[in-house]
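Visitor: Structure, please.
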Amino acid sequence: MKGLIRRLILAVSIAAAGVAGGASANSEGVINVASQHTVSQTAERMLQILEKKGMTVFNHIKHSEGAAKVDIELRDTELVIFGNPKVGSPLMQCQQLMALDLPQKALVWQDDAGKVWISYNDPQYLAKRHSMQGCEAVLSKVSGALAGISKAAAN
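Guide: Okay, the predicted model is just below:
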């Protein structure tokens, strides 16, 4: 009986930790990377990394500041929109509907527990969404670049 109760407590604890994690809520096709910095520091780090890599930053939207202007309180939330035509254009050649999801976007946000996250669309999920075939090498390159950029901005 004690073993059963311990397993039940463990299962409930694991489930609760997943819910409390904020980004652990299953958002299909979204990759979440925990950051060690504040939202603004993480976004700034990401912008610097993108610039060093020669990426084009199309916009940096501070959603929480916009919300404050209309008297709505929103936890820190910033969106960075960026890309590289050398990589994005071949994806659109493979499947023109990919243009709906390009340029790339990274959401830097704080969950209700105060944890900061970088979230972005999984390129493999987007390929599936758009029935893309024949661009595996480019998709792999994009996946690796997004993972590397996010990790560097978060640590």
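Visitor: Please report how far the most centrally placed residue in the chain lies from Gly66.
Guide: Of all residues in the chain, the one closest to the mean position by CA atoms, centre = their mean is Ser119, 1.6 Å from it. Between Ser119 and Gly66 the computed distance is 18 Å (CB to CB, to the nearest Å). For every residue, glycine as well, the C-beta is placed using N, CA and C.
Visitor: same deal with Glu136?
Guide: Here Glu136 is placed at a distance of 38 Å from Gly66 (CB to CB).
Visitor: what does Arg45 give?
Guide: Distance of Arg45 to Gly66, given as CB to CB: 22 Å.
Visitor: Likewise for Ala137?
Guide: Distance, Ala137 to Gly66, using CB to CB: 38 Å.
Visitor: Over to Met55?
Guide: Separation of Met55 from Gly66 (CB to CB) stands at 24 Å.
Visitor: pull the helix or strand with minimum mean pLDDT from the protein.
Guide: Least confident helix or strand of the chain, by mean pLDDT, DSSP states H and E, is helix 2-20 with a mean of 36.
Visitor: any low-confidence regions in the chain?
Guide: Scanning the chain for pLDDT under 70 picks out 1-26.
Visitor: Where do the strands of it begin and end?
Guide: Using DSSP state E, the strands found in the chain span residues 30-35, 56-62, 77-83, 104-110, 116-121.
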